[in-house]
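Participant: Take this sequence and fold it.
(chains A and B)
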Protein chains: 2
Amino acid sequence: MKNRISLGYGSGGRLTRDLIKDLFLKNFDNPLLSKLSDSAVFDLHGEKVAVTTDSYVINPIFFPGGDIGKLSVCGTVNDLAVVGAAPLYITLGMIIEEGFPYKDLENITASIKNAAEGIGIKVITGDTKVTEKGKTDGIYINTTGIGVVDTDIKLGMDKIEKGDKIILSGNIGDHGIAVLSKREGFKFESDIESDCAPLNTLIYSAIRAGRIKFMRDPTRGGLAAVLNEITEEGNFEITVKEEEIPVDDRVMGACSILGLDPVYIANEGKVVMVVKPDDAAKILSAVRRDPLGANAAIIGEVTDSKGNSVYLETIYGSLRRIDMPLEDPLPRIC
Amino acid sequence: MKNRISLGYGSGGRLTRDLIKDLFLKNFDNPLLSKLSDSAVFDLHGEKVAVTTDSYVINPIFFPGGDIGKLSVCGTVNDLAVVGAAPLYITLGMIIEEGFPYKDLENITASIKNAAEGIGIKVITGDTKVTEKGKTDGIYINTTGIGVVDTDIKLGMDKIEKGDKIILSGNIGDHGIAVLSKREGFKFESDIESDCAPLNTLIYSAIRAGRIKFMRDPTRGGLAAVLNEITEEGNFEITVKEEEIPVDDRVMGACSILGLDPVYIANEGKVVMVVKPDDAAKILSAVRRDPLGANAAIIGEVTDSKGNSVYLETIYGSLRRIDMPLEDPLPRIC
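Facilitator: Below you'll find the predicted structure:
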């Protein structure tokens, strides 16, 4: 009996998927939405236009490696990039709490400006609402991104086959642990920084290097959620090797202390690619040439064209099933 | 000294304009944004694409004549319609408070579905976040609308000239008073209903009837804010006649009791048009033929091509200056 919305409904895990399928897809069913892609791509007189939207409610709003402003630009640009779209424009909807420091708003705005300029996109329209004190936690930001797919890339889970390789563009867990540490006031050896970054250039290089069949950025729910989305939607089995998954030692240490598994931790500057086996090495090289992809690795492959499970081959050689997270261990991570 | 964000910064009045100019335009300056239009319109290979975004934080979320779901569709569609765009798609970003009743979310979703289907637009992508109890007031919704300008209409404040007529599509104040009454538990003679409605069909008929030079829907800040935006940006003087401005008796009564002026009250199903004098009668007829425009009227005209004031000719014949509201008398009205 679903009576109340719990935090898990916003986790990016099982409950979020349930909400989307039970409520939103049932009501708004249409071919664009039902793909549940990171961006909807529609044809406009021969032009393939990509649109994506995201609200950011991260706490704290300033964290090592970024802030809600940079995050709200990069996160949305990455959702465009993973469908093969070049980002063009962004909209900006702010909901601000009464009493929010003007100086913080200035800093967030400057951060948005810097991120947008770095990517080469423009903020073309916006909206600002203010709620009474206590009705918003500082500031929430919605960004909608608009881009065009200007390559002939054909992405889709339906293109995935047994033997396809899984490329991960770098270390996982940095964002989640950085935000959690700041929020809870944990002191680790040295500050872990969020990986918050725009992936459009890295992805564009990868697209030119070889045949990519599907991409998704592992944000809420982490690597585990993305791999499970692929296996569930596509009816595949994927096996990844623990020893190939790059994790920073400090993040691994923090996860051990906190009882967290890095495969479930959110990232904001990483992409998972399912690629044609013959092209995997070329694509990996291209990704590694980008500074954001220096630690990229082939972490596994599609091991069966049936089934819908994700397996982790541990460093001891045993197979452990990685389930779709029910809830996120870290709420308000983006 | 601007230290803290007050509710007025989200009012649609003077403080909102200041925030946009001092902070957002300074940081994001570009030709699309700097028009401060209801929708940004950009060229995409010969197609004029319109994009607008709005966040809805209305309290209460269910009110006579609508709810936050219907409002978030109609409000965004109206921002497309006033730039002459036919709406195509909408995105949906929800921020929900932990503990929010699932049943309410179902009702809001059904309301969005009904509004979207009535207009003929599709929800193509979305995002759901959940915050801890007390960090959101029930639910906030962001919608971004995408449309195409498929007529050769040329709108812009720079097209306005002395003698142009001002058409208002119907009664003002219904939305604000309906929401306020519900929020505060006021009991008036009979329930006043919000005018929340999509204006795209009405506006499309008006465009075909004659030369419209500028349109805007008088939401936050009401009729007064829209008229002041026109006079300030365009350096005009506008005079409207009190006796020509349609106001429901019950709304007028409520305003008297509450000490409010209907020209400052938000509407969600009305449009203000500045039109060529020779075409005013034809456009008025077209608007009146639409059920949503039955009470439309020519309420005044551009009385001088210099100055930047709005005057109200009262029923006693005196002239009263209508200033841009500093703050909204009714926060969280949309």
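Participant: Double-check A:Leu330 against A:Lys182; I have them as touching.
Facilitator: No. Applying C-beta atoms under 8 Å, one finds A:Leu330 not in contact with A:Lys182, separated by 11.7 Å. C-beta here means a position set from N, CA and C on the backbone, and glycine is covered the same way.
Participant: So for those two, which residue has more residues nearby?
Facilitator: Remark: of A:Leu330 and A:Lys182, A:Leu330 carries more neighbours, 22 against 18, as counted by other C-beta atoms under 10 Å in any protein chain shown.
Participant: For the more buried one, give me phi and psi.
Facilitator: For A:Leu330, the backbone dihedrals (degrees, to the nearest 10) come out as phi -130, psi 100.
Participant: which residues touch it?
Facilitator: Contact analysis of A:Leu330 by C-beta atoms under 8 Å, 6 or more residues apart in numbering or on different chains lists A:176, A:179-180, A:260, A:265-266.
Participant: Now for those residues: which two are most distant?
Facilitator: Greatest spacing in these, by C-beta to C-beta: A:Val179 and A:Leu260 (12.5 Å).
Participant: So for these two, which sits in the more crowded spot?
Facilitator: Using other C-beta under 10 Å, the more surrounded residue of A:Val179 and A:Leu260 is A:Val179, with 28 against 19.
Participant: First-to-last residue distance for stretch A:88-107?
Facilitator: 23 Å (C-alpha to C-alpha, to the nearest Å).
Participant: no no, stretch A:206-223
Facilitator: So stretch A:206-223: terminal residues 19 Å apart, C-alpha to C-alpha.
Participant: how about that stretch: buried residues?
Facilitator: Buried positions in stretch A:206-223, judged by neighbour count with 16 or more other C-beta atoms under 10 Å in any protein chain shown: A:206-207, A:209-223.
Participant: Show me these that map onto strands.
Facilitator: Counting by DSSP state E, the buried residues of stretch A:206-223 place A:212-216 in strands.
Participant: a markdown table for those, including pLDDT and distance to A:Gly293?
Facilitator: Formatted as a markdown table, those follow (pLDDT from 0 to 100; distance: C-beta to C-beta, whole Å):
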| residue | pLDDT | distance to A:Gly293 |
| --- | --- | --- |
| A:Ile212 | 98 | 13 |
| A:Lys213 | 97 | 18 |
| A:Phe214 | 97 | 17 |
| A:Met215 | 97 | 13 |
| A:Arg216 | 97 | 16 |
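Participant: Which single residue in the stretch 101-250 of chain A comes nearest to chain B?
Facilitator: The nearest approach of the stretch 101-250 of chain A to chain B comes at A:Val130, 3.1 Å away (C-beta to the nearest C-beta).
Participant: same deal with the stretch 201-334 of chain A?
Facilitator: A:Arg332 (6.3 Å).
Participant: Just the pLDDT for that residue.
Facilitator: Looking at A:Arg332, its pLDDT stands at 91.
Participant: Tell me the one of the contacts of A:Leu330 nearest A:Asn200?
Facilitator: Lowest distance from A:Asn200 to the contacts of A:Leu330 (C-beta to C-beta) belongs to A:Ala266, with 19.4 Å.
Participant: so where is chain A shaky, pLDDT-wise?
Facilitator: Applying pLDDT under 70 to chain A flags the ranges A:1, A:189.
Participant: Regarding it, what is its longest helix?
Facilitator: Longest helix in chain A, counting residues (DSSP state H): helix A:102-119.
Participant: and that helix, is it in reach of chain B?
Facilitator: Yes. Counting by C-beta under 8 Å from any C-beta of the partner chain, chain B is contacted by helix A:102-119 at A:102, A:105-106, A:109-110, A:112-113, A:116.
Participant: Any quick PyMOL command for the buried ones out of those?
Facilitator: Buried members of the residues of helix A:102-119 next to chain B can be picked out in PyMOL with the line below, counting by 16+ other C-beta under 10 Å:
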select buried, chain A and resi 102+105+109+110+112+113+116
